[in-house]
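Novice: What follows is a predicted structure for the sequence shown.
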Amino acid sequence: MPVAPLKYTKTLNIKITKVQSETLLKLKSRNIKVSNFVREAIKEKLQREAEELKLKPKKEYCPF
């Protein structure tokens, strides 16, 4: 069964610094797709911090 390619339907506008913008332009000039680069960076970051992002159960106070 073939897997359908992902459809990117959501957009996100972010503000970046001048240095970050220049770095992304350098990547683009070297034929690296900036959008894919950013998506992969976000994916890696979320995987690294997955445990911290999960909701932790609150400890209930019990005076006994």
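Specialist: That came through, no problem.
Novice: Find the nearest non-adjacent residue to residue 16, please.
Specialist: Using CB to CB, 6 or more residues apart in numbering and skipping the chain neighbours, the partner closest in space to residue 16 is residue 24 (7.6 Å). (C-beta placed from N, C-alpha, C; glycine too.)
Novice: for the one you found, helix, strand, or coil?
Specialist: helix (DSSP: H, G, I helix; E, B strand; the rest coil).
Novice: List the contacts of it.
Specialist: By CB atoms under 8 Å, 6 or more residues apart in numbering, residue 24 lies in contact with 16, 34, 37.
Novice: quick one, phi psi at the residue nearest the centre of the chain?
Specialist: Nearest to the mean C-alpha position of the chain, by CA atoms, centre = their mean, lies residue 42 at 1.8 Å. Residue 42 adopts backbone torsions of phi -60, psi -40, taken as degrees, to the nearest 10.
Novice: ok so, going back, and which of the contacts of residue 24 is nearest residue 3?
Specialist: Residue 3 has its nearest neighbour among those in residue 37, at 22.3 Å by CB to CB.
Novice: Quick check, that closest one in contact with residue 27.
Specialist: Yes. With contact defined as CB atoms under 8 Å, residue 37 reaches residue 27; the gap is 6.0 Å.
Novice: Distance check, residue 10 against residue 26.
Specialist: Between residue 10 and residue 26 the computed distance is 27 Å (CB to CB, to the nearest Å).
Novice: Neighbour count for those two, which is higher?
Specialist: When residue 10 and residue 26 are compared for neighbours, residue 26 comes out ahead with 11 against 5, by other CB atoms under 10 Å.
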